[in-house]
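Colleague: Got a sequence here, can you build the structure:
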Amino acid sequence: MSLKCAPHPFRPFSRHTERRGHPLRAPSSLRTGCLATLCFLGIGSFHGLAADQPQWGHAWTRNMISPETALPDSFDPKSGRNIKWTASLGTETHSTPMVAGGRVYIGTNNGQPRDAKRPGDRGVLMCFDERTGGFLWQLVVPKRAEDPYFDWPNSGISSPVTVEGDRVYLVSNRGEVMCLDARGMADGNDGPFRGEVAHMTPPDGSASPPKPVPGADIKPQPLRPPAAGLVEPGAHDADIVWILDLPSVAGTWPHDAAHSSILVHGDYLYVNSSTGVDNTHKRIRAPDAPSLVVIDKRTGRFVARDDERMAPDIFHCTWSSPSMGVVDGNPLVFFAGGNGTVYAFEPFVSGALESRRKDAVDQADPAQGANTPSLQFPDRLRTRWQFKFDPTAPKGDTHQYLSNRREGPSNIYGMPVLHRNRVYVAVGGDVFWGKTEAWLKCIDASKTGDVTGTGLVWSYPLQKHVMSTPAIYNGMVFIADCGRAFHCLDANTGTPHWTEEIKGEAWASPLVADGRVYLGTRSGDFYVFAASQEKRLLSAIELGDPISATVTAANGVLYVATMRKLFAVQKGAGSE
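Modeller: Numbers count the residues shown, from 1 in each chain. Take a look at the predicted model:
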């Protein structure tokens with residue numbers, strides 16, 4: 001796989017969700033306590049929804065842990081031992097499966113089409129029956145036809161969904177933020193979006209991948225379907241509730257593959273924008289683009305963004321998803337930018353822009369197609385603190401270090417994890433274009449301002465590059481890197497308990513569940529370790545196909561996705 005053609009960053013992870021809170025307002029000193037209480041209750045209350053896994057990572061800290069029990073420590077696809085069911089996917093699957101409401105959702109490509117009427121390279125979200133693995137419906141999204149670096153060929157939909165009730169939130173391969181009906185078209189087109197026919201149809205002239213013109217100033221464009229040849233949706237197609245075309249509305253510049261695990265808090269969605277470099281990998285075409293955006297989940301309205309101007313310093317792209325938690329009574333949103341800096345933001349407060357909205361352009365009728373800009377003046381998130389992860393890295397004109405494996409800036413793929421007032425983040429040189437150096441660091445989340453010099457608790461050097469999100473469990477931190485090493489550290493000090501050599505790079509994250517650590521690698525090897533300070537390998541399974549997705553545990557079942565197959569693994573299940 002060449003560096004140019006790699007289907008980049010796919011940050012897989014798993015476990016619980018939070019319940020909806022309320023829009024957060026607060027004029028007085030009571031605000032802090034009330035907000036903290038609401039946030040805490042919101043984060044905990046989703047655990048009452050049986051044992052679904054409706055979002056990536058533990059709600060909302062993003063810790064890669066699960067309270068599931070009675071899980072197997074091995075399985076065998078050949079004999080069917082401990083295999084509940086198997087479902088065929090596309091030919092590339094970089095999305096982590098999510099489970100909610102009796103359904104399993106996973107993004108893939110159209111390499112093995114489920115619908116002969118929708119052939120060719122597309123982004124696909126598949127929905128399966130949780131009990132049987134039966135196919136229920138799919139979202140099929142045309143590729144961007146302007147430039148392959150906006151939407152890399154065959155990479156499919158790499159984002160995991162976030163489910164809340166009967167609403168499924170997703171970032172498509174086109175960088176659109178979408179709200180879907182969990183039931184699909186089986187119960188009809190509920191609206192308000194009615195343009196599914198057009199949205200599932202590729203534009204004229206898009207049968208073959210676009211050819212890149214190096215340095216061409218080609219901006220991402222809204223989907224323009226052809227006037228003829230539209231295929232009506234059926235019962236096995238997705239029902240779109242609303243769409244926000246983020247590149248058009250927010251001015252972002254998607255690169256390679258739009259990837260985000262959406263964080264839901266109250267009535268708002270927090271989404272990393274996937275903005276990055278152009279096809280030369282040396283220029284930022286959208287220097288004013290946001291890196292973190294806030295969207296009204298009810299309407300798809302773009303309401304707020306960060307005000308940190310990260311884009312000019314992005315080395316590759318913005319692929320780390322936001323997390324959230326309460327620190328000393330204050331709810332905070334944590335975000336790792338493509339500029340190698342970790343931020344803590346105050347949650348968005350609704351109503352701050354009412355006076356300016358009177359002069360703003362109103363949102364277009366969502367029944368007619370993708371949303372147009374709904375706010376000329378989106379609000380700005382307030383920054384609580386920032387931590388420059390790699391402060392000694394070169395500054396200014398960072399793209400001169402492209403393909404330099406010895407020095408250069410750092411990039412962040414994994415999510416920041418909050419645990420006991422500390423944020424754990426793994427960062428290093430870009431796996432495709434940057435230096436090999438990488439670290440896992442622990443940051444004091446209780447400080448304010450620029451905490452680069454005061455917030456570091458400890459730092460641990462990793463073997464080579466890193467794409468994982470850490471799992472923190474019982475005083476230990478588990479992290480895998482692209483140097484084919486799996487690490488277990490003391491969470492308080494960063495002192496290593498043990499390191500194990502594994503086969504293949506780790507693009508996925510480790511999942512801790514039922515006293516075990518589950519991890520798949522790009523060589524197609526799947527490992528199960530004991531989640532203990534003593535190194536114990538319980539099983540190693542060869543699955544044949546590369547693994548990008550993190551394991552998901554829900555309702556007593558493990559979901560393991562390779563490039564081509566999704567395995568539902570349950571203790572005691574047979575070969576049926």
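
Colleague: Grab the nearest non-local neighbour of residue 174.
Modeller: In this structure, residue 174 finds its nearest non-sequential neighbour in residue 144, 5.5 Å apart by C-beta to C-beta, 6 or more residues apart in numbering. Backbone N, C-alpha and C define where each C-beta goes, glycine included.

Colleague: wait, what's in contact with that neighbour?
Modeller: By C-beta atoms under 8 Å, 6 or more residues apart in numbering, the residues touching residue 144 are 150, 151, 173, 174, 210, 220, 254.

Colleague: Of the residues you listed, which is the nearest to residue 545?
Modeller: Taking C-beta to C-beta as the measure, residue 545 lies nearest residue 173 of the contacts of residue 144, at 20.3 Å.

Colleague: Now do the closest one against residue 406, distance only.
Modeller: Residue 173 sits 34 Å away from residue 406, going by C-beta to C-beta, to the nearest Å.

Colleague: which one of the two has more residues nearby?
Modeller: Between residue 173 and residue 406, counting by other C-beta atoms under 10 Å, residue 173 is the more crowded of the two (28 against 10).

Colleague: In a helix, that one, correct?
Modeller: No - assignment of residue 173 by DSSP: H, G, I helix; E, B strand; the rest coil gives coil, placing it outside any helix.

Colleague: Do a quick rundown of the strands in the stretch 251-400 of the chain.
Modeller: 263-265, 268-272, 292-296, 302-305, 323-327, 330-336, 341-345, 379-380, 383-388 (DSSP state E, counting those that start in this stretch).

Colleague: Direction included, what does the first one pair up with?
Modeller: Listed by DSSP bridges, the sheet partners of strand 263-265 and their directions read strand 268-272 (antiparallel).

Colleague: Could I get the full set of helices for the stretch 451-576 of the chain?
Modeller: In the stretch 451-576 of the chain, no helices are defined using DSSP state H, counting those that start in this stretch.

Colleague: which residues of it score low on pLDDT?
Modeller: 575-576 (pLDDT under 70).

Colleague: next one: the chain
Modeller: Short version for the chain, where the test is pLDDT under 70: 1-50, 351-376, 575-576.

Colleague: Could you measure from residue 348 over to residue 382?
Modeller: Distance from residue 348 to residue 382, by C-beta to C-beta: 9 Å.

Colleague: Looking at the two, which one has more neighbours?
Modeller: Legend: neighbour count by other C-beta under 10 Å for residue 348 and residue 382, higher for residue 348 (24 against 14).

Colleague: these two touch, right, the more buried one and residue 294?
Modeller: Yes - if you go by C-beta atoms under 8 Å, residue 348 and residue 294 touch, sitting 4.7 Å apart.

Colleague: Which residues are in contact with each of those two?
Modeller: 268, 270, 303, 304, 379, 381.

Colleague: so which two of these are the farthest from each other?
Modeller: 270 and 379 (13.1 Å).

Colleague: what is in contact with the two at once?
Modeller: 294, 348.

Colleague: and those two? which has more neighbours close in?
Modeller: residue 270 (26 against 19).

Colleague: bridging residues for the more buried one?
Modeller: Going by DSSP bridges, residue 270 forms beta bridges with residue 263, residue 294.

Colleague: ok, it - contacts?
Modeller: 262, 263, 264, 292, 293, 294, 322, 324, 333, 335, 348.

Colleague: what's the closest of those to residue 87?
Modeller: Using C-beta to C-beta, residue 262 comes nearest to residue 87 of these, at 23.5 Å.

Colleague: For the closest one, what are phi and psi?
Modeller: The phi/psi pair for residue 262 (degrees, to the nearest 10) reads phi -70, psi 130.

Colleague: Please determine how far it is located from residue 180.
Modeller: 12 Å.

Colleague: Overlap in contacts, those two.
Modeller: 169, 170.

Colleague: Contacts only, for the nearest residue to residue 387 once chain neighbours are set aside.
Modeller: Leaving out its chain neighbours, the residue that sits closest to residue 387 by C-beta to C-beta, 6+ apart is residue 342, at 4.6 Å. Counting by C-beta under 8 Å, 6+ apart, residue 342 touches 334, 335, 336, 386, 387, 389, 412, 416, 423, 425, 443.
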